[in-house]
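>>> what would the 3D arrangement of this be:
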Amino acid sequence: MPAPLFRTSRLLPIVAAALCLAASPRLARADAAANVDAKSAPMTTGADVYRHVCQGCHMPDGKGAEGAGARFPAFAGNPKLADSGYPVYVVLNGFGGMPWFNGRLTDEQIANVVNYIRTSFGNHYTDLIKASDVAGQKPPVPTGED
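Residues are numbered from 1 along each chain as shown. Sure, this is the predicted structure:
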């Protein structure tokens, strides 16, 4: 019977260290990108929005990343970008581990960053979208009057 106790006592310092790291205020949260305030940084161009919001996960070169159990899709050569509605939907609603930005970025900022992604990183889609296209895809916002 002493063997299970020995294994448990060896795990205790590891668990304690993990809990301390999880509670550390200096570490970034996984959903930190969702805490973007459109007014906090002058993000008028698609490149500005990408640099401040997107490139932390999708990388400066748009090639995405994979590791530690997470996958951040590449924009470079991504055939899903052919339909301009797809990236707008994902930015507005989130997808998988990506947070949503509906209400956190303006319609113009979303249109600008989607256009930037679709015309950068080797992509050459010419059907640019406008803020009104983004507004037309927004999901209804609950009013609490149900």
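>>> quick one: the strands in the protein?
65-67, 70-72 (DSSP state E).
>>> list the helices and strands the last one packs on?
It stands for strand 70-72. For strand 70-72, the contact count by 3 or more Cβ pairs under 8 Å, 6 or more residues apart in numbering; DSSP states H and E identifies strand 65-67 as packing neighbours. Where C-beta positions appear, they are placed from N, C-alpha and C, glycine not excepted.
>>> 10 Å instead, please
Under the contact criterion of 3 or more Cβ pairs under 10 Å, 6 or more residues apart in numbering; DSSP states H and E, strand 70-72 touches helix 55-58, strand 65-67.
>>> how about M59, nearest residue that isn't a chain neighbour?
Nearest residue to M59, sequence neighbours excluded (Cβ to Cβ, 6 or more residues apart in numbering): A65, at 5.6 Å.
>>> and if you look at N123?
Spatial nearest neighbour of N123, excluding adjacent residues (Cβ to Cβ, 6+ apart): L81 at 5.8 Å.
>>> in this structure the one you found contacts Y116, no?
No - in terms of Cβ atoms under 10 Å, L81 does not count as a neighbour of Y116; the distance is 11.2 Å.
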